[in-house]
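> Coordinates for the following, if possible.
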Amino acid sequence: MTDSVPSTEVSSARRYNYWLGGTDNYPVDRESGDAIAARFPSVPLAARENRKFLGRAVRHLSGLGVRQFLDIGTGIPSAGTVHEIAPGARVVYADHDPLVLAHARKLLSGSTAYLHGDLREPEPILAGARGTLDFTQPIGLLLIAILHFAKDHDQPHTHVSTLVEALPPGSYLAVTNATLDFAAPDDAADARRMLGHEMEWRSAAELGRFFDGLDLVEPGIVPVSDWHADESDRPDPAEVSSYGAVGRKP
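Residues are numbered from 1 along each chain as shown. Predicted coordinates:
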């Protein structure tokens, strides 16, 4: 970590970076990450599988002709960012963590921009994105490993609906969300005890609400490791504990 004054508060973005094998994190983030991984050893694997889903989704949408992406909750930049997966595409990254901005400056170019924005306030994100993205052409809206930090009382369905309504027809929504659908009862209880204050696990049906009015891309809502995956030795859904899906706006 290059910042001179380490933070004393855990950052979900820095903790995620730690699980992905990155170095942009502080001792407090690593301690939190290790404590969670001690009880749930597959958590780093789940983080990597979410990242793989991002890559597969962006490549799939690029293959369908999508050349613009709005990535909200992007986190600290690491290998496999959207503009690397889809060279030449217009990309707007948005995150509410000020630390992410410091690391995102190296991404800025004529076709890539970063916004300080919060999913719970979609209008400013949309306004800022219009400086880089053409809202008359299809856009891929990416909400990867962010929705489970949006508690139901924060009305995330309303905010996502606002974002989707602003997109032109032929645009896509790609999301992942942690789930306890595959967890043993003891594991589910411990997860809620350790992380219930910050996370909202969702079932497949609950995640499906975010796709109201959209056409789900095959294979629909599935574990992230199963969505358009070529690998034969995929992780067990209980290890990944996260759903992924992509929907098209008619």
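
> what ranges do the helices span in this protein?
Taking DSSP state H, the helices of the chain run over residues 12-19, 27-39, 43-63, 82-85, 98-104, 122-129, 156-166, 185-195, 204-208, 237-240.

> buried stuff in the second one?
Looking back up the chat, that one is helix 27-39. 28-29, 32-33, 36-37 (16 or more other C-beta atoms under 10 Å). Every residue, glycine included, has its C-beta placed from N, CA and C.

> Give the other helices and strands that the helix or strand bottoming out on mean pLDDT in the chain contacts.
In the chain, the helix or strand scored least confidently by mean pLDDT, DSSP states H and E is helix 98-104, which has a mean of 73. Under the contact criterion of 3 or more C-beta pairs under 8 Å, 6 or more residues apart in numbering; DSSP states H and E, helix 98-104 touches helix 12-19, strand 90-95, strand 112-116.

> Would you mind saying which of the ones you listed lies nearest residue 177?
Closest of these to residue 177 is helix 12-19, at 14.1 Å (criterion: C-beta to C-beta).

> What lies in contact with stretch 150-157?
Residues from elsewhere that reach stretch 150-157, judged by C-beta atoms under 8 Å, 6 or more residues apart in numbering: 119-120, 147, 159, 200, 209-210.

> In that stretch, which residues have enough neighbours to count as buried?
150, 156.

> First-to-last residue distance for that stretch?
9 Å (C-alpha to C-alpha, to the nearest Å).

> Next: stretch 17-29.
Taking C-alpha to C-alpha, stretch 17-29 runs 9 Å from one end to the other.

> got the buried residues for it?
Those would be 17-20, 22, 24-26, 28-29, for stretch 17-29 by 16+ other C-beta under 10 Å.
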